[in-house]
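**Q** The following block contains a protein sequence and its predicted model.
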2 protein chains.
Amino acid sequence: MRVTVIGATGETGSAVVDGLLNSPEVTFDVTALIRPASMSKPSVLRLQDRGVHTTPFDIDKPIEELAAQLQGVDVLISCLLMNETLLADAAKKAGVKRFVPCWWATVMPRGFLSLRDGKEALLDHIRRLHLPYTAIDVGWWYQISLPRLPSGRLDRNLLLYSAYIPGDGSVPSGRTDRRDIGKYVARIIADPRTLNRKVFAYTDLRTHNEVYDTVEQLSGEQIPRIHRTAEEVEAEIAKSKDDPERFLDHYHYSYHMSCDIKGENTPEYARYLGYLVAKDLYPDLHGISFEDFVKETLEKGLEPMYEMNRDVMLKYGTLAFRGANLKDSA
Amino acid sequence: MRVTVIGATGETGSAVVDGLLNSPEVTFDVTALIRPASMSKPSVLRLQDRGVHTTPFDIDKPIEELAAQLQGVDVLISCLLMNETLLADAAKKAGVKRFVPCWWATVMPRGFLSLRDGKEALLDHIRRLHLPYTAIDVGWWYQISLPRLPSGRLDRNLLLYSAYIPGDGSVPSGRTDRRDIGKYVARIIADPRTLNRKVFAYTDLRTHNEVYDTVEQLSGEQIPRIHRTAEEVEAEIAKSKDDPERFLDHYHYSYHMSCDIKGENTPEYARYLGYLVAKDLYPDLHGISFEDFVKETLEKGLEPMYEMNRDVMLKYGTLAFRGANLKDSA
């Protein structure tokens, strides 16, 4: 099966490539589309070493050239928020058999968060093209689900820590180890049942309180529990909505509202929205458990994540709502 | 099962009520919500005679009052393009178990026709409310699918006649006798499989050419076949798009493009969009065949339809693209 990935060196894309290369069920012939200027970057050369074909791809080229590059591709996977409209046009022209747009997030209705609505608008475009597709959401990542330990021994990716408990902390939310995304993708894209469907692939379903319980139990540390009410989160969403300097805050609060207060990042709500749920499709497939992830992290520390974007994140204020303790250490 | 219908005296609503009252499978306790000013209209009194409860309902009342009126309702069916957002809010507050919004049209993607997009936006709102729903499309009606006979013997509802063949006429499209809508609705709303899904319920799938063939064969008349190319239809869509005087033209051309040229009003495209298809769910359920409808119409003439809106339709120009022959007789 010929699979082409765009955004293959990013946080999601690299996990997708790993899953495809390591798939026990299907042999995937994997190509990564790379910006011409990035062809000799170390991360791209590492892809080559692992047997991934790398091809320079310039979205500004005429559609005919893009389509020619996609000729014969079975599945095109986008892990990059780019001009995916053009990418879909080219995929249609090339006869790509399945397009996987850049979703990879939590389950959410339309008309709540602009970031999400852009993804839905792309899906509308795909559907107007009659292009076969599968949209995959993976829930919230383990890697950005941890509360900060008082000892500071997990201080890394501080920008992404969970600094407060939205609501009363009793609402379950679906989470996945970032590294498992590709394991799910490999199964989903080889499955005819998932063609022209949305799929929710998550590993762990637990409440915010249970996340804290687990981390406390495995670390032996007691973590202060700071709650923010639904009204407080709502107010922060409204305040940050039209402030371009605070768009990351806005995203973060909105995700908390949707996932941790409204309970939308669950298999029940996903089914309500018409998703298939990976656990229903592949009961034999098990991701890394949240407990194992926490144990590993306590041993080895957190893997670096979005480090190149640290300055951007600092600038756009994800720190703003995290409280003084995090500002100090960041 | 307690079912409440809004718009029960309209073209779709009356068919829905008929189907509920005549259901052989389920006994429905049917209530019609009526504008206070319309409570003593003959059409409303006729509903009462048939055992339908009629209740004055004023959407401008406070939400608490609306919700109180919907208390205990199992299924709320809207057959009226009104402020359905408020209606959905009230339904949520009242704990209505299934809301059927005013869809009742052809299958179509988002972002092509504003009329359709408004219905999709309502569904977004429903989903943000986590309100259980079923959205039902029924395809194009037989009653507005007939070409005009040269003899003029079917001249009625001329505004709604098919005056030209979009494209080469070889694209199939799903059609239903308007009077059968309720038969499908009665099955769909009693079926747990259709909860939180879109359903495409159509009876007949045939091309525009086949419609002409059938009508010619049964009437013994030869019908001139005037084609409009995809490019011509596209140009008319663009020309009428922002002209408020021609919104009906715009709708009509857009439907022709979607149904008769792009082939979107089909079970295949519906499944692609995630719909369930009524024929798959209820293989035992058969609507009136197109042939029987044509025979009956040749005998008895067309039933009156939208007669009260005739002036509006004339004003807003559905005649404009139908050619001089229709203008003469209208």
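**A** Now that the structure is in, tell me what you want to look at.

**Q** Check the secondary structure at A:A15 for me.
**A** helix (DSSP: H, G, I helix; E, B strand; the rest coil).

**Q** ok, then the element right after the helix or strand hosting A:E216?
**A** Using DSSP states H and E, A:E216 falls within helix A:208-219. Counting by DSSP H and E, the next helix or strand C-terminal to helix A:208-219 is strand A:227-228.

**Q** Roughly how far does the residue most central in space within chain A sit from chain B?
**A** Among the residues of chain A, the one closest to the centroid is A:W104, at 3.9 Å (Cα atoms, centre = their mean). Remark: distance between A:W104 and chain B (Cβ to the nearest Cβ, to the nearest Å) = 20 Å. C-betas here are computed from N, CA, C, even on glycine.

**Q** Helix, strand, or coil at that residue?
**A** Three-state call for A:W104 (three-state DSSP): coil.

**Q** Wait, it touches A:G182, no?
**A** No. Counting by Cβ atoms under 8 Å, A:G182 is not a contact partner of A:W104; they are 11.1 Å apart.

**Q** Check what pLDDT A:D328 gets.
**A** Note for A:D328: predicted pLDDT of 35.

**Q** That should have said A:S258, apologies.
**A** At A:S258, pLDDT is 97.

**Q** so what's the backbone phi/psi at it?
**A** Backbone torsions of A:S258, given as degrees, to the nearest 10, read phi -70, psi -50.

**Q** And it, how far from B:N196?
**A** 18 Å (Cβ to Cβ, to the nearest Å).

**Q** With neighbour numbers in mind, choose between the two.
**A** Ranked by neighbour count (other Cβ atoms under 10 Å in any protein chain shown), A:S258 and B:N196 place A:S258 first, with 24 against 17.

**Q** what's near enough to touch A:R178?
**A** Contacts for A:R178 (Cβ atoms under 8 Å, 6 or more residues apart in numbering or on different chains) come out as A:11-12, A:15, A:141-143, A:305.

**Q** got the contact list for the nearest residue to A:T229 once chain neighbours are set aside?
**A** Among residues not flanking A:T229 along the chain, A:G167 sits closest, at 6.7 Å (Cβ to Cβ, 6 or more residues apart in numbering or on different chains). A:G167 makes contacts with A:208, A:227-230, A:233, A:260-261, as judged by Cβ under 8 Å, 6+ apart.

**Q** for A:G139, same thing?
**A** By Cβ under 8 Å, 6+ apart, the contact set of A:G139 is A:106-107, A:173-176, A:200-202, A:265.

**Q** Can you name the secondary structure element that comes next after the biggest helix by length in chain A?
**A** For chain A, the helix with the greatest residue count under DSSP state H is helix A:114-129. On the C-terminal side of helix A:114-129, the closest following helix or strand by DSSP H and E is strand A:134-137.

**Q** give me the low-pLDDT residue ranges for the stretch 151-300 of chain A?
**A** For the stretch 151-300 of chain A, residues meeting the criterion pLDDT under 70 lie at A:156-162.

**Q** now the helices: where do they sit in it?
**A** For the stretch 151-300 of chain A, the helices defined by DSSP state H, counting those that start in this stretch occupy A:181-189, A:208-219, A:230-240, A:247-255, A:267-272, A:278-281, A:290-300.

**Q** any idea which of the ones you listed is most buried?
**A** helix A:181-189 (a mean of 25; mean count of other Cβ atoms under 10 Å in any protein chain shown).

**Q** Just confirm yes or no for that one near chain B.
**A** No. Using Cβ under 8 Å from any Cβ of the partner chain, helix A:181-189 stays clear of chain B, with a minimum separation of 16.0 Å.

**Q** what's in contact with that helix?
**A** By Cβ under 8 Å, 6+ apart, helix A:181-189 touches A:1, A:3, A:12, A:15-20, A:22-23, A:25-26, A:28, A:75, A:77, A:98, A:100, A:104, A:134, A:136, A:138, A:176, A:194, A:199, A:201, A:278, A:281-282, A:285, A:287.

**Q** now do 6 Å
**A** Applying Cβ atoms under 6 Å, 6 or more residues apart in numbering or on different chains, the contact partners of helix A:181-189 are A:15-16, A:18-20, A:23, A:75, A:138, A:194, A:199, A:201, A:278, A:282.

**Q** Drop anything exposed from those residues.
**A** Buried subset of those (neighbour count, 16 or more other Cβ atoms under 10 Å in any protein chain shown): A:15-16, A:18-20, A:23, A:75, A:138, A:194, A:199, A:201, A:278.

**Q** Checking stretch A:258-265 against chain B, do any of its residues make contact.
**A** No. Using Cβ under 6 Å from any Cβ of the partner chain, stretch A:258-265 stays clear of chain B, coming no nearer than 7.7 Å.

**Q** I meant stretch A:116-128, not that one.
**A** Yes. Stretch A:116-128 is in contact with chain B by Cβ under 6 Å from any Cβ, via A:124, A:127-128.

**Q** Which among these count as buried?
**A** A:127-128.

**Q** and of the residues of stretch A:116-128 next to chain B, the nearest to B:K241?
**A** Closest approach to B:K241 among the residues of stretch A:116-128 next to chain B (Cβ to Cβ): A:R128, at 16.0 Å.

**Q** so what's the closest one up against?
**A** By Cβ under 6 Å, 6+ apart, the neighbours of A:R128 are B:P109.

**Q** what does the stretch 1-150 of chain A have sitting close to chain B?
**A** A:109-111, A:124, A:127-128.

**Q** what residues are up against A:L154?
**A** Contacts here follow Cβ under 6 Å, 6+ apart; on that basis A:L154 touches A:L302.

**Q** mind redoing it with 10 Å?
**A** Contact partners of A:L154, counting by Cβ atoms under 10 Å, 6 or more residues apart in numbering or on different chains, are A:146-148, A:161, A:215, A:219, A:221, A:294, A:297-298, A:301-302.

**Q** Quick one: distance of stretch A:291-307 to the chain centre.
**A** Mean C-alpha position of stretch A:291-307 versus that of the full chain (Cα atoms, centre = their mean, to the nearest Å) differs by 17 Å.

**Q** Over to stretch A:179-198?
**A** Centroid separation for stretch A:179-198 versus its chain: 14 Å, with Cα atoms, centre = their mean.

**Q** how about the CA coordinates for that stretch, as CSV?
**A** Provided in CSV are the C-alpha atoms of stretch A:179-198 (Å, rounded to 0.1, in the frame of the first residue of the first chain):
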residue,chain,number,x,y,z
ARG,A,179,3.8,7.8,20.0
ASP,A,180,0.8,5.5,19.5
ILE,A,181,-0.9,7.6,16.8
GLY,A,182,0.7,5.8,13.9
LYS,A,183,-0.2,2.4,15.4
TYR,A,184,-3.9,3.4,15.1
VAL,A,185,-3.4,5.1,11.7
ALA,A,186,-1.8,1.9,10.2
ARG,A,187,-4.9,-0.1,11.1
ILE,A,188,-7.4,2.6,10.2
ILE,A,189,-6.1,3.3,6.7
ALA,A,190,-6.0,-0.4,5.7
ASP,A,191,-9.7,-0.8,6.8
PRO,A,192,-12.5,-0.4,4.3
ARG,A,193,-15.0,0.3,7.1
THR,A,194,-13.3,3.6,7.9
LEU,A,195,-13.5,4.9,4.3
ASN,A,196,-15.4,8.2,4.3
ARG,A,197,-15.8,8.2,8.0
LYS,A,198,-14.5,10.1,11.0
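
**Q** If anything else comes up later, I'll come back, but that's it for now.
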